[in-house]
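K.L.:
can you look at this prediction? I've put the sequence above it.
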Amino acid sequence: MEFRTAGVIGAGAWGTALAQVCVRAGLDTTLQAREQQLVETMRATRANDLYLPGVPLADELKFTADLADLGVCDVILAVPPAQHMRATLTAFAPHYRAGVPVVLCSKGVERGTMKLMTEVLAETLPDAPAAVLSGPSFAGEVSRGLPTAVTLACADQALGEALLNTLSAPGFRPYLATDLVGAEAGGALKNVLAIACGISEGRQLGRSAHAALITRGFAEMTRLAVAMGGQAETVAGLCGLGDLVLTCSSPQSRNMSLGLALGQGQTVEQALAGKRSVAEGYESAPAVRELAARLGVEIPISEGVAALLAGEIDVDGLIDGLLSRPLKAERV
Ligand SMILES: NC(=O)C1=CN([C@@H]2O[C@H](COP(=O)(O)OP(=O)(O)OC[C@H]3O[C@@H](n4cnc5c(N)ncnc54)[C@H](OP(=O)(O)O)[C@@H]3O)[C@@H](O)[C@H]2O)C=CC1
Ligand SMILES: O=C(CO)COP(=O)(O)O
């Protein structure tokens with residue numbers, strides 16, 4: 001299996017950073033943006049100042065607004081926000097060539113259906129071999145070539161190895177896994193948990209609270225992933241614990257920043273006002289909550305964040321609710 005050309009769907013910060021990685025990996029790469037205007041600007045300025053400002057884009061990178069142009073590519077990286085994955089893949093379906101692998105790079109659970117991105121892919125492009133790329137990776141750092149390691153999950157070992165070799169690049173190191181559900185669950189949950197850590201920071205609750213949130217957050221991430229059919233071992237890797245640590249530790253994270261603003265007293269509306277970029281924890285929280293309820297899994301931190309975002313409780317209610325839970329043995 002050899003891949004020479006890559007098509008990246010979605011020219012947000014992460015799609016643009018991954019397109020840079022593909023070029024660095026030696027792939028002939030086309031980045032698709034929905035707006036022709038953004039395509040023209042990226043062609044003219046060799047930059048994506050809308051979503052990834054200050055990063056010079058590789059000379060070799062091509063741009064298009066037309067999904068049909070990706071129909072010839074050997075591998076597709078799908079990077080729209082999770083809530084737009086279904087519509088995006090449906091629009092791409094007429095141009096998709098059977099057998100071409102689709103690497104899902106978005107982190108979230110679909111609202112309403114509670115489906116993971118692999119399930120959305122199976123329903124929109126049923127012939128597509130799936131892989132999931134997820135892990136601690138800020139777009140700004142990756143696009144500048146700073147060292148990054150991620151999980152690349154693929155059920156088909158041979159395809160996974162081929163993708164691993166294809167997508168590895170100087171400074172970008174994917175590790176192979178076979179558990180797609182675990183990889184997806186980790187990526188989706190860490191965003192919700194990062195909002196909780198941001199709230200803790202915004203309220204200046206201290207480093208001890210921060211460490212407790214990461215640790216107990218990891219326990220609920222593991223419980224939910226296992227209930228969904230994933231493996232605890234996967235969640236202990238880059239796509240789970242690794243991404244949780246990153247996202248909960250830096251205001252570079254849009255999810256943690258949302259939490260910071262809430263902890264400092266802003267309303268959800270104020271914290272999100274004027275933002276073009278996506279905070280997937282906000283988007284996925286209701287689906288994560290519903291999914292956990294359906295599976296009978298306790299996720300008190302994520303549940304509290306979902307209730308706060310839905311306007312059911314305030315920040316004090318979230319903190320009090322977590323601290324007044326019955327004492328119990330420490331276990332996952
Ligand atoms: N940024 C990061 O560091 C990382 C992000 N991710 C994940 O990548 C995914 C994409 O995030 P990111 O690239 O950061 O996004 P950004 O916040 O940078 O950009 C938002 C993106 O959403 C697109 N969009 C908005 N509305 C729609 C729509 N109706 N249909 C399709 N696309 C739409 C925008 O396209 P348009 O301009 O055409 O509206 C734009 O590409 C998320 O799931 C995120 O969790 C994963 C790892 C790292
Ligand atoms: O997924 C990410 C890092 O791995 C990016 O996090 P944010 O979406 O919170 O910015």
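P.N.:
Cool, got the structure. Numbers count the residues shown, from 1 in each chain. Ligands and ions are numbered 1, 2, ... in the order given.

K.L.:
secondary structure class for residue 173?
P.N.:
strand (DSSP: H, G, I helix; E, B strand; the rest coil).

K.L.:
so the nearest residue to it once chain neighbours are set aside: helix, strand or coil?
P.N.:
Distances taken as CB to CB, 6 or more residues apart in numbering put residue 149 closest to residue 173, at 4.5 Å, once the chain neighbours are dropped. Bear in mind the C-beta positions are built from the backbone N, C-alpha and C, glycine included. Look at residue 149: counting by three-state DSSP, its state is strand.

K.L.:
just checking, residue 149 touches residue 239?
P.N.:
No: Residue 149 lies out of contact with residue 239 (CB atoms under 8 Å); the separation is 10.4 Å.

K.L.:
okay, now the domains of this protein?
P.N.:
For the chain, the TED database gives the domain ranges 5-178, 181-324.

K.L.:
can you list these in CSV and add mean pLDDT, mean neighbour count and distance to residue 331?
P.N.:
Putting these into CSV (pLDDT from 0 to 100; neighbours: other CB atoms under 10 Å; distance: least, CB to CB, whole Å) gives the following:
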stretch, mean pLDDT, mean neighbour count, distance to residue 331
domain 5-178, 98, 20, 24
domain 181-324, 97, 21, 8
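
K.L.:
JSON lines please, covering those and showing distance to ligand 2.
P.N.:
Listed next are these as JSON lines, based on distance: least, CB to the nearest ligand atom, whole Å:
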{"stretch": "domain 5-178", "distance to ligand 2": "5"}
{"stretch": "domain 181-324", "distance to ligand 2": "3"}
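
K.L.:
got those as CSV, with distance to residue 332 columns?
P.N.:
Shown next, in CSV, are the domains of the chain (distance: least, CB to CB, whole Å):
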stretch, distance to residue 332
domain 5-178, 19
domain 181-324, 5
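
K.L.:
quick one, what contacts residue 41?
P.N.:
47, 48, 49, 50 (CB atoms under 8 Å, 6 or more residues apart in numbering).

K.L.:
can you report phi and psi for residue 77?
P.N.:
phi -110, psi 120 (degrees, to the nearest 10).

K.L.:
can you check residue 12 too?
P.N.:
Here is the backbone geometry of residue 12 (degrees, to the nearest 10): phi -70, psi -170.

K.L.:
separation between it and residue 277?
P.N.:
Between residue 12 and residue 277 the computed distance is 7 Å (CB to CB, to the nearest Å).

K.L.:
any residue of stretch 60-73 up close to ligand 1?
P.N.:
No: Stretch 60-73 is not in contact with ligand 1 by CB under 6 Å from any ligand atom; minimum separation 8.8 Å.

K.L.:
residues contacting that stretch, please?
P.N.:
Contacts for stretch 60-73 (CB under 8 Å, 6+ apart): 5-7, 9, 11, 19-20, 23, 28-36, 38-39, 42-43, 76, 91-92, 94-97, 100.

K.L.:
can you dump the C-alpha coordinates of that stretch into PDB?
P.N.:
The C-alpha trace of stretch 60-73 is given here as PDB (Å, rounded to 0.1, in the frame of the first residue of the first chain):
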ATOM      1  CA  GLU A  60       3.800  22.900  -2.200                       C
ATOM      2  CA  LEU A  61       0.400  23.000  -0.500                       C
ATOM      3  CA  LYS A  62      -2.600  23.200  -2.900                       C
ATOM      4  CA  PHE A  63      -6.000  24.700  -2.000                       C
ATOM      5  CA  THR A  64      -9.500  24.200  -3.300                       C
ATOM      6  CA  ALA A  65     -13.100  25.000  -2.300                       C
ATOM      7  CA  ASP A  66     -14.400  22.100  -4.400                       C
ATOM      8  CA  LEU A  67     -14.700  18.700  -2.700                       C
ATOM      9  CA  ALA A  68     -14.600  17.100  -6.200                       C
ATOM     10  CA  ASP A  69     -10.900  17.900  -6.400                       C
ATOM     11  CA  LEU A  70     -10.200  15.500  -3.500                       C
ATOM     12  CA  GLY A  71     -11.800  12.600  -5.400                       C
ATOM     13  CA  VAL A  72      -8.500  11.700  -6.900                       C
ATOM     14  CA  CYS A  73      -6.600  11.600  -3.600                       C
END
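
K.L.:
quick check: residues of the stretch 1-150 of the chain near ligand 1?
P.N.:
10-15, 33-35, 51, 79-82, 84, 87-88, 105-108, 137-139.

K.L.:
which of those residues fall in strands?
P.N.:
Nothing among these maps onto strands, per DSSP state E.

K.L.:
of those, which belong to helices?
P.N.:
13, 14, 15, 87, 88, 139 (DSSP state H).

K.L.:
just the strands in the stretch 1-150 of the chain please.
P.N.:
In the stretch 1-150 of the chain, the strands defined using DSSP state E, counting those that start in this stretch lie at 5-9, 28-32, 62-64, 75-78, 102-104, 130-134, 148-154.
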